[in-house]
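Colleague: Structure here, sequence nowhere to be found:
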């Protein structure tokens, strides 16, 4: 569904990382792991919409978290309170599509970089359902950690490459202390993090990993194929339409 919403708040919450609160103007309902596709500029530059994971929602409001890395996200950071925002959503599947496989298991949620946004939404959802989990967020340093106060309220454990917040090292090193053969992991972040998680779980054959992939998307509805990822079977799946959450065993990392 297309929305013409309004920016309620747009603030830098960490180094080059921004949070935008959006008034949808009408009821907006989504699930953890879904995203919206935003028309970042009314001009032809940049031309394509940009996908952003949903951080949290209320009845007619939602929030996204993004990092300024190019022209599209730079344009997003310049938006002010009251500006209109044309977006489509919610799009994609949800972590909840795989939740039945996690029933009664040791659930571990891992977020890296701005991928932490969708994992926060999942953690809040599970907390509301009184489902227990272990929550980990990793970043290069404390200044790039996404919303640590909000994450801490959900019992999140932190790791940083330089040790400026939480445990020094990668999420995989902390994961090794929490992993068990009945673990089900839900993760969102860069591909190197997924490979590190898979490596940390290599000796625990019963572990399942479901990862939300962050890829460049043109249309967000499966038509343009710009977000296709290769499976181990040699076929391609569209992150926007077939994902963004996948069983990591299916994909060629």
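Modeller: Sure thing, it's come through. Keep in mind that what you see is a predicted model, and the values were worked out from it rather than measured.
Colleague: Isn't residue 35 up against residue 93?
Modeller: No - taking contacts as C-beta atoms under 8 Å, residue 35 lies outside contact range of residue 93: 10.1 Å. C-beta: built from backbone N, CA, C; applies to glycine.
Colleague: Show me the strands in the stretch 51-200 of the chain, by range?
Modeller: 61-67, 84-91, 106-112, 134-139, 157-160, 167-168, 183-188 (DSSP state E, counting those that start in this stretch).
Colleague: ok, the last one: who's next to it in the sheet?
Modeller: Strand pairing for strand 183-188, using DSSP bridges, gives strand 106-112 (parallel), strand 208-212 (parallel).
Colleague: and the angle for that strand with strand 134-139?
Modeller: 40 degrees (axes from the mean of the first three to the mean of the last three C-alpha atoms, to 10 degrees).
Colleague: Can you tell me what sits against strand 183-188?
Modeller: 33, 53, 95, 98, 101-102, 105-112, 115-119, 122, 175, 193-194, 197, 201, 204, 206-212, 214, 245 (C-beta atoms under 8 Å, 6 or more residues apart in numbering).
Colleague: And the contacts of the lowest-mean-pLDDT helix or strand in the chain?
Modeller: Using mean pLDDT, DSSP states H and E, the weakest-scoring helix or strand in the chain turns out to be strand 228-230, at a mean of 87. Residues from elsewhere that reach strand 228-230 (C-beta under 8 Å, 6+ apart): 213, 215, 236, 237, 238, 239, 243, 246, 251, 252.
Colleague: Going by neighbour count, list what's buried in that strand.
Modeller: By 16 or more other C-beta atoms under 10 Å, the buried positions in strand 228-230 come out as 228, 229.
Colleague: Also stretch 177-195?
Modeller: 178, 179, 183, 184, 185, 186, 187, 188, 189, 193, 194.
Colleague: and which of those residues is nearest to residue 157?
Modeller: If you rank the buried residues of stretch 177-195 by distance to residue 157 using C-beta to C-beta, residue 178 comes first, at 8.2 Å.
Colleague: what separates that closest one from residue 225, distance-wise?
Modeller: Distance of residue 178 to residue 225, computed by C-beta to C-beta, to the nearest Å: 37 Å.
Colleague: what's the answer for residue 81, then?
Modeller: Taking C-beta to C-beta, one finds residue 81 at 37 Å from residue 225.
Colleague: One more: residue 86?
Modeller: 23 Å.
Colleague: More neighbours: which of those two?
Modeller: Taking other C-beta atoms under 10 Å, residue 86 and residue 225 do not tie; residue 86 has more neighbours (15 against 12).
Colleague: Tally up the residues packed near the closest residue to that one other than its chain neighbours, please.
Modeller: Nearest non-adjacent residue to residue 86, counting by C-beta to C-beta, 6 or more residues apart in numbering: residue 39, 4.1 Å away. Residues lying near residue 39 (other C-beta under 10 Å) number 19.
Colleague: Can you name the residues that contact residue 39?
Modeller: By C-beta under 8 Å, 6+ apart, residue 39 lies in contact with 49, 85, 86, 87.
Colleague: can we see that at 7 Å?
Modeller: Contact analysis of residue 39 by C-beta atoms under 7 Å, 6 or more residues apart in numbering lists 49, 86, 87.
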